[in-house]
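1. Okay, structure incoming, though there's no sequence with it:
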């Protein structure tokens, strides 16, 4: 055996790791991929995703009459990121490079590998501020046909092909606890071998140690993900600008998304920047059929539900469903409570509620055209209906007083006053008597329906919540849901991990969420959605190619 076990070692078998491994192996390099979880988790968090990808000026957009451009996308990105720190120099360069990719070869490159997209482009993170502020000016959320499993499929295939060729080895249940260095250059990893586990994908696996390992290579690529499954670490890094961290959170990712490699790399000299930048959702539901601890599912809402805080006060403009995730989170944390409420009707839930995740969208995940067409029929999608009937956060009632009683029954104390809630609902409904009015949410709903995709399948026709023909009434308790880490290991445009002095740490690369999707935080403070999977793909590709190119 050679003194080196491989040319490139990849730490983490999620999407970014698979992309990096595929690129390095296809460049003719010997690759080892190590991951602490069992083989059932190959592909990581991406498997569970809705499969949304941020594309700019795509054929799907043009067919729907959407006029998008590189310049508009970059304006939206920078207006959302609001880069304002000295250490944002590399993140900004990564942001510019990613928008170039999304407006350039991204779609064609993925299309050649077999990816296809649902023809109706979604409009996520609408913003609602001025033209230079946060949000997508146009719909850019392209749902992959087959959702998350289809996103990882071409890279799983390429990795498996390399494995059959003998140029790539997968080492599951190998948890990296340290990096080895010679002469100041990273040249390998050390860690613990965990006992075999038959845990299903996403479920917690044993942490019993049965051995140790050391592997050496010319290049190490860290693609170990973020911190969303580690609530202690989330709270430790919680940004002061958002008030105190929530006392109670749901997990949008499995428990093994623990952030451990951030500390390992930092201890070896790598620079971690922007740890206080995070992306957590405000529309989390307790999963009635959980896979991992505190398993939450996010509602992907249309714009029509009335959003109230824990005391029954309407959230201010433009904090409407689907407009500004972190702006809403920041506001919620000023209320003294860590949950909010949607009030809606059966007509709204049927057209506007989607649930994030591959397992919650069996029609798209299974590529079942007949089931997809069923979304246009009366009735809520089956997974949504299952949550409405079985979920712990739903209340259904014929009258508003009955609904409020049910809402108060779901909380530790009956904080909602029925008369106050009725005033909010009646005031909102009063704005629908005319085809015009002053309520910014109603105006936004009407504006959304000017986009044919929203009018067809996403946004309900404006109607009074108290219209009995639209009923029954529905209330949903919304919880804070952990999800993405926007900061991370600082990298240059070759994905090389940088030291605190700004110089590369030789032999070490990083990609995906552990690197803030590029540079240590290419999203800045806010994301435009569809950019997390794409960020893993782009940064993983850069890292895999760069590491392969550095190997002699």
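-> Now that the structure is in, tell me what you want to look at. Small disclaimer: the values here were computed from a predicted structure and weren't measured.

2. Run a quick neighbour tally on the nearest residue to residue 485 once chain neighbours are set aside.
-> Excluding its sequence neighbours, the residue lying closest to residue 485 (CB to CB, 6 or more residues apart in numbering) is residue 226, at 3.2 Å. Heads up, the C-betas are built off the backbone N, CA and C, glycines and all. Residue 226: 29 surrounding residues under other CB atoms under 10 Å.

3. can you list the weak-confidence ranges in the stretch 301-450 of the chain?
-> Applying pLDDT under 70 to the stretch 301-450 of the chain flags no residue at all.

4. Surely residue 48 touches residue 228?
-> No: with contact defined as CB atoms under 8 Å, residue 48 does not count as touching residue 228 (11.7 Å).

5. which residue ranges form the helices in the stretch 251-400 of the chain?
-> Here the stretch 251-400 of the chain has its helices, by DSSP state H, counting those that start in this stretch, at 260-267, 325-332, 346-352, 362-365, 369-373, 382-390, 400-409.

6. what helices or strands is the shortest one leaning on?
-> So that's helix 362-365. Secondary-structure packing of helix 362-365 (3 or more CB pairs under 8 Å, 6 or more residues apart in numbering; DSSP states H and E): helix 147-165, helix 369-373.

7. circling back: so which strand or helix has the residue nearest to residue 485?
-> Element membership for residue 226 (DSSP states H and E) is empty, with no helix or strand holding it.

8. which residues sit in contact with it?
-> If you count contacts by CB atoms under 8 Å, 6 or more residues apart in numbering, residue 226 has them with 253, 257, 259, 484, 485, 488, 513, 514.

9. So which of the helices and strands packed on helix 362-365 has the densest surroundings on average?
-> Sort the helices and strands packed on helix 362-365 by mean neighbour count, taking mean count of other CB atoms under 10 Å, and helix 147-165 sits at the top with a mean of 20.

10. Let me see the mean pLDDT of stretch 503-513.
-> For stretch 503-513, mean pLDDT rounds to 98.

11. ok, longest strand in the chain?
-> When the chain is parsed with DSSP state E, its longest strand is strand 473-485.

12. what packs against that one?
-> By 3+ CB pairs under 8 Å, 6+ apart, strand 473-485 packs against strand 250-251, strand 278-286, strand 296-300, strand 339-345, helix 346-352, strand 394-397, helix 400-409.

13. ok, that strand: who's next to it in the sheet?
-> Within its sheet, strand 473-485 is paired with strand 250-251 (parallel), strand 278-286 (antiparallel), strand 339-345 (antiparallel), strand 394-397 (antiparallel), according to DSSP bridges.

14. between that strand and helix 260-267, how many degrees?
-> 30 degrees (axes from the mean of the first three to the mean of the last three CA atoms, to 10 degrees).

15. Can you name the element that comes right after strand 473-485?
-> Moving toward the C-terminus from strand 473-485, the next helix or strand (DSSP H and E) is strand 488-489.

16. helices or strands next to that following strand in the packing?
-> Contacts defined by 3+ CB pairs under 8 Å, 6+ apart place strand 488-489 against helix 260-267, strand 272-273.

17. who touches that strand?
-> 222, 226, 262, 265, 270-275, 497, 510, 513-517, 520-521.

18. and that strand, average pLDDT?
-> Strand 488-489 comes out at a mean pLDDT of 98.

19. Format the helices and strands packed on helix 362-365 as JSON lines; extra columns: distance to residue 501.
-> Shown next, in JSON lines, are the helices and strands packed on helix 362-365 (distance: least, CB to CB, whole Å):
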{"stretch": "helix 147-165", "distance to residue 501": "34"}
{"stretch": "helix 369-373", "distance to residue 501": "53"}
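
20. which stretches of the stretch 1-150 of the chain form strands?
-> Secondary structure of the stretch 1-150 of the chain (DSSP state E, counting those that start in this stretch): strands at 8-11, 31-35, 52-54, 141-143.

21. Packing partners of the first one?
-> The criterion is 3+ CB pairs under 8 Å, 6+ apart, and the helices and strands that strand 8-11 contacts are helix 15-26, strand 31-35, strand 185-194, strand 219-222, helix 532-550.

22. Tabulate the ones you listed in a markdown table, adding columns for distance to residue 398.
-> A markdown table is the format used below for the helices and strands packed on strand 8-11 (distance: least, CB to CB, whole Å):
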| stretch | distance to residue 398 |
| --- | --- |
| helix 15-26 | 45 |
| strand 31-35 | 51 |
| strand 185-194 | 53 |
| strand 219-222 | 55 |
| helix 532-550 | 40 |
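
23. So for residue 493, which of these sits nearest?
-> For residue 493, the closest of the helices and strands packed on strand 8-11 is helix 532-550, at 7.3 Å, according to CB to CB.

24. Ok, which of the helices and strands packed on helix 362-365 comes nearest residue 319?
-> Residue 319 lies closest to helix 147-165 among the helices and strands packed on helix 362-365, at 27.9 Å (CB to CB).

25. contacting residues around the closest one?
-> So helix 147-165 is contacted by 15, 18-19, 21-22, 25-26, 31, 33, 42-43, 46-51, 53, 110, 113-116, 144, 146, 168-170, 357-358, 361, 364-365, 367, 533 (CB under 8 Å, 6+ apart).

26. wait, doesn't residue 438 sit right on residue 428?
-> No: assessed by CB under 8 Å, residue 438 is found out of contact with residue 428, at 11.5 Å.

27. re the thing from before, winner for burial among the helices and strands packed on strand 473-485?
-> Highest mean neighbour count among the helices and strands packed on strand 473-485 (mean count of other CB under 10 Å): strand 296-300, with a mean of 25.

28. So which elements touch it?
-> Contacts defined by 3+ CB pairs under 8 Å, 6+ apart place strand 296-300 against strand 278-286, strand 354-355, strand 473-485.

29. Taking their axis directions, the last one and helix 532-550 sit at what angle?
-> Right, the one you point to is strand 473-485. Using the same axes, to 10 degrees: strand 473-485 against helix 532-550 is 10 degrees.

30. Tell me the buried residues in strand 473-485?
-> Residues of strand 473-485 classed as buried by neighbour count (16 or more other CB atoms under 10 Å): 473-485.

31. what's the angle between it and strand 296-300?
-> Computed by the same axes, to 10 degrees, the angle between strand 473-485 and strand 296-300 is 110 degrees.

32. model confidence over strand 473-485, on average?
-> Strand 473-485 comes out with an average pLDDT of 97.

33. Do me a favour and average the pLDDT over stretch 86-100.
-> 98.

34. Pull out the buried residues from that stretch.
-> For stretch 86-100, the buried set under the neighbour-count rule, 16+ other CB under 10 Å, comprises 87, 88, 90, 91, 92, 94, 95, 97, 98, 99, 100.

35. Let me know how buried the nearest residue to the fourth one once chain neighbours are set aside is, in neighbour terms.
-> With CB to CB, 6+ apart as the measure, residue 519 is the residue that lies nearest to residue 91, at 3.9 Å, once sequence neighbours are left out. A count of neighbours around residue 519, defined by other CB under 10 Å, yields 32.

36. Buried residues, stretch 207-220. List them.
-> Neighbour counts over stretch 207-220 (16+ other CB under 10 Å) mark 213, 215, 216, 217, 218, 219, 220 as buried.

37. Run the chain-centre distance for it.
-> Mean-position distance between stretch 207-220 and its chain equals 29 Å (CA atoms, centre = their mean, to the nearest Å).

38. who touches that stretch?
-> 3-9, 11, 32, 34, 171, 174, 179-180, 186-195, 507-509, 547-548, 550-552.

39. okay, how far is it across that stretch, tip to tip?
-> With CA to CA, to the nearest Å as the measure, stretch 207-220 spans 24 Å from end to end.

40. State the mean pLDDT of it.
-> 98.

41. try stretch 32-46
-> Mean predicted confidence for stretch 32-46 is 98.

42. Pull up the distance across that stretch, start to finish.
-> End-to-end distance of stretch 32-46 (CA to CA): 20 Å.

43. And the helices and strands packed on strand 8-11: which comes nearest residue 411?
-> Nearest to residue 411 among those is helix 532-550 (31.7 Å), distances taken as CB to CB.
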